[in-house]
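Peer 1: Following is a predicted model, sequence given first.
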Amino acid sequence: MATKITMFTKNNCPNCMRAKMLFASCPVEVEITEINLETPEGKAHQEILGIQTAPTFEFENGKFIYGFDEGKLMNELGL
């Protein structure tokens, strides 16, 4: 079963692109839902959740990782 992750991104964000590439080559199955923080929907999430950086990752267990940190992401995925 895939690990579900919501990834909050912004346009022209180099670390957001790095995260997408990381998940594309990830050895475990992940299901990514991307929400752009520059859209009305994204701005609403940003305000409700207090997101201050992109990318931000919300895992299905409720844990958040703020910013691109490959080590933390891989650890959360059990790698």
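Peer 2: Looks like it arrived, so ask away. Quick caveat: nothing in here was measured; it's all calculated off a predicted structure. Numbers count the residues shown, from 1 in each chain.
Peer 1: what ranges do the helices span in the protein?
Peer 2: 14-24, 40-49, 70-76 (DSSP state H).
Peer 1: who wins for proximity to T6 among those helices?
Peer 2: Proximity to T6 (C-beta to C-beta) singles out helix 40-49 among those, at 8.5 Å. Just so you know, the C-beta spots here come from the backbone N, C-alpha and C atoms, and that holds for glycine as well.
Peer 1: for the record, mean pLDDT for that closest one?
Peer 2: Helix 40-49 shows a mean pLDDT of 94.
Peer 1: What separation is there between E31 and M74?
Peer 2: Using C-beta to C-beta, to the nearest Å, we find E31 at a distance of 17 Å from M74.
Peer 1: buried set for stretch 35-49?
Peer 2: Applying a neighbour-count criterion of 16 or more other C-beta atoms under 10 Å, one finds I35, N36, L37, G42, H45, Q46 buried in stretch 35-49.
Peer 1: List the contacts of that stretch.
Peer 2: Stretch 35-49 is contacted from outside by T6, M7, F8, T9, K10, N11, I51, A54, T56, E58, F64, using C-beta atoms under 8 Å, 6 or more residues apart in numbering.
Peer 1: Thought A19 was touching the fifth one, still the case?
Peer 2: No: taking C-beta atoms under 8 Å as the definition, K10 is not a contact partner of A19, at 11.6 Å.
Peer 1: Name the residues contacting each of these two.
Peer 2: Contact with both K10 and A19 is made by residues P55, according to C-beta under 8 Å, 6+ apart.
Peer 1: Looking at those two, which is more packed in?
Peer 2: Set K10 next to A19 and count neighbours by other C-beta atoms under 10 Å: A19 wins out with 26 against 16.
Peer 1: picking up where we left off before, going by neighbour count, which of the contacts of stretch 35-49 are buried?
Peer 2: Listed as buried from the contacts of stretch 35-49 are T6, M7, F8, T9, K10, I51, A54, T56, E58; burial here means 16+ other C-beta under 10 Å.
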